[in-house]
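A.B. asks: No sequence on hand, only this structure:
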RNA sequence: GGAGAGGUGGCAGAGUGGUCUAAUGCAUCGGUCUUGAAAACCGACAGGCUCGUAAGGGCCUCGUGAGUUCGAAUCUCACCCUCUCCGCCA
């Protein structure tokens, strides 16, 4: 969430000469939200502070009287007169306290539903069309035949079974059989090894269920409650990404400045209700209610978070490079960037069967947006400086299901068999080609 | 799921209605002493909010929330979490 008090600051950002409030107004407008929220927030905060001042003044008086009563009692004097004076103060004080709570609550309710301020380098745009191409990498293979889509390949090879998953569970679920199951497992292993051994991340397997406080902490709740599966009768929800449990790993904690950045590479299945995406990507593995993902999460020093963002994006790209899959990196524009992100790079992999680039990773810097909600701070070990909020970042490194699609489509042969990328062979008992039985 | 015990600062641990502004110890940091170090001694040592140009005030926080009271770490209720034992279980 945004810092209300920063909205009152008069100092300008040297990068663009705007105050925080002006930047935030602009962010809201470019995201398609009402920029007047800024003025509403400022007004609410003024009112809130007035009530607090009133409440605290009364409270201080109560405390003084209380001490006086205690003193008289000890001295054996009569405190009856004072007690009488305090009768009314207690009820008035409680009433004011309620007003403070209410003002606080109203302010937080608004703050919790407002998106992050975007970084000054984020392209202004109306839709995904306006995303900025940062770079493209790899060479698209030229096929001497019409490239098939992954579901056709998978069904013919007998390794993807959508129909039976429909019977057993429902739409948007899949059975992976034989070589597909093996490939999925190899991809997880390959990515985790790469990030842990070469990119300096600590491996993690988090809980796949998290409570609502954790969802609030990353900015998923209250606004996007409908997007997750809720376990009836509990406060538990299936995670839509490992970002939820992993970012909250340090919730409420103060880290040491010297240990930043902290990096985790977490494997988890992800569960998404996909409410509101009816009719979109209904075939194949692209949009499933359940998929596997390796997620990269970083807790960074504010002065280094954009450097970290580039590194993290690079780490995700490395996976595609090693699998020799063509891809491009785009910087999401103001309308396409997610609620909590200040800046986001999407990695889009080339799918010859679909003849399109499709998102396979999303690498975001949230700055202190999540850290404020989840209360994750750091403090210098030496100086007596106050704790500050960390910057949190995360990115898919990568989505396993979509990587499997990319492998099937990019490595297909005319007869429908699929070459196993050389980087993955060692993880698949040396298997070189996936063929129909 | 059943029974019991417990949750106090970075850690350990006192505190059972009003000098709690939370004792004491350890750890950490600064200083004195020392050739240097250790020991000893002196000092510092939570966070949030709020008023104030500042200096400096004030308010809140003893797992969380509600209640009793003029006043709650302390009493009452609910919830959460941890530990021990029993049951079940991969």
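C.D. replies: Received, thanks. Quick caveat: nothing in here was measured; it's all calculated off a predicted structure. Numbering: from 1, shown residues only, chains lettered A, B, ... in the order given.

A.B. asks: Spell out which parts of the stretch 101-250 of chain A neighbour RNA strand B.
C.D. replies: Counting by Cβ under 7 Å from any atom of the strand, the residues of the stretch 101-250 of chain A close to RNA strand B are residue A:101. (C-beta placed from N, C-alpha, C; glycine too.)

A.B. asks: again, only this time at 10 Å
C.D. replies: Contact residues, the stretch 101-250 of chain A versus RNA strand B (Cβ under 10 Å from any atom of the strand): A:101, A:104, A:107, A:211, A:213, A:234-236.

A.B. asks: Using CSV, please lay out those residues together with pLDDT.
C.D. replies: Converted to CSV, those look like this (pLDDT from 0 to 100):
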residue, pLDDT
A:101, 88
A:104, 90
A:107, 93
A:211, 89
A:213, 89
A:234, 82
A:235, 86
A:236, 87
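
A.B. asks: which among those residues end up buried?
C.D. replies: Buried residues within these, counting neighbours by 16 or more other Cβ atoms under 10 Å: A:107, A:211.

A.B. asks: Can you lay out the residues of the stretch 101-250 of chain A next to RNA strand B as TSV showing secondary structure?
C.D. replies: As requested, these are arranged in TSV below (DSSP: H, G, I helix; E, B strand; the rest coil):
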residue	secondary structure
A:101	helix
A:104	helix
A:107	helix
A:211	strand
A:213	helix
A:234	coil
A:235	coil
A:236	strand
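
A.B. asks: how about the residues of the stretch 101-250 of chain A next to RNA strand B in JSON lines, adding distance to residue A:33?
C.D. replies: What follows is these, written out as JSON lines (distance: Cβ to Cβ, whole Å):
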{"residue": "A:101", "distance to residue A:33": "27"}
{"residue": "A:104", "distance to residue A:33": "23"}
{"residue": "A:107", "distance to residue A:33": "17"}
{"residue": "A:211", "distance to residue A:33": "28"}
{"residue": "A:213", "distance to residue A:33": "25"}
{"residue": "A:234", "distance to residue A:33": "33"}
{"residue": "A:235", "distance to residue A:33": "29"}
{"residue": "A:236", "distance to residue A:33": "31"}
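
A.B. asks: So which residues of the stretch 101-250 of chain A form helices?
C.D. replies: A:150-157, A:162-168, A:178-193, A:212-217, A:243-247 (DSSP state H, counting those that start in this stretch).

A.B. asks: tell me what the shortest one is packed against?
C.D. replies: Yep, that's helix A:243-247 we're talking about. Under the contact criterion of 3 or more Cβ pairs under 8 Å, 6 or more residues apart in numbering; DSSP states H and E, helix A:243-247 touches helix A:212-217, strand A:262-271, strand A:290-300, strand A:391-399.

A.B. asks: of all of the stretch 101-250 of chain A, which residue lies closest to RNA strand B?
C.D. replies: Nearest residue of the stretch 101-250 of chain A to RNA strand B, counting by Cβ to the nearest atom of the strand: residue A:101, 6.8 Å away.

A.B. asks: show me the contacts for the spatially closest residue to residue A:243 that is not a sequence neighbour.
C.D. replies: Spatial nearest neighbour of residue A:243, excluding adjacent residues (Cβ to Cβ, 6 or more residues apart in numbering): residue A:394 at 4.7 Å. Contacts for residue A:394 (Cβ atoms under 8 Å, 6 or more residues apart in numbering) come out as A:241, A:243, A:246-247, A:295-298, A:312, A:363-364, A:366.

A.B. asks: I'd assumed residue A:400 was in contact with residue A:361.
C.D. replies: No: judged on Cβ atoms under 8 Å, residue A:361 makes no contact with residue A:400 at a distance of 11.1 Å.

A.B. asks: Tell me which of these two has more neighbours.
C.D. replies: residue A:361 (29 against 25; other Cβ atoms under 10 Å).

A.B. asks: circling back: could you say which one of the helices and strands packed on helix A:243-247 comes nearest to residue A:280?
C.D. replies: strand A:290-300 (15.1 Å; Cβ to Cβ).

A.B. asks: what packs against the closest one?
C.D. replies: helix A:178-193, helix A:243-247, strand A:262-271, helix A:305-322, strand A:391-399, helix A:400-410.

A.B. asks: Dump these into a markdown table; add distance to residue A:335 and mean pLDDT as well.
C.D. replies: Shown next, in a markdown table, are the helices and strands packed on strand A:290-300 (distance: least, Cβ to Cβ, whole Å; pLDDT from 0 to 100):
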| stretch | distance to residue A:335 | mean pLDDT |
| --- | --- | --- |
| helix A:178-193 | 31 | 97 |
| helix A:243-247 | 22 | 95 |
| strand A:262-271 | 24 | 96 |
| helix A:305-322 | 20 | 98 |
| strand A:391-399 | 20 | 96 |
| helix A:400-410 | 23 | 97 |
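
A.B. asks: With residue A:288 as the reference, name the closest of the ones you listed.
C.D. replies: The closest of these to residue A:288 is helix A:400-410. By Cβ to Cβ, the value is 6.2 Å.
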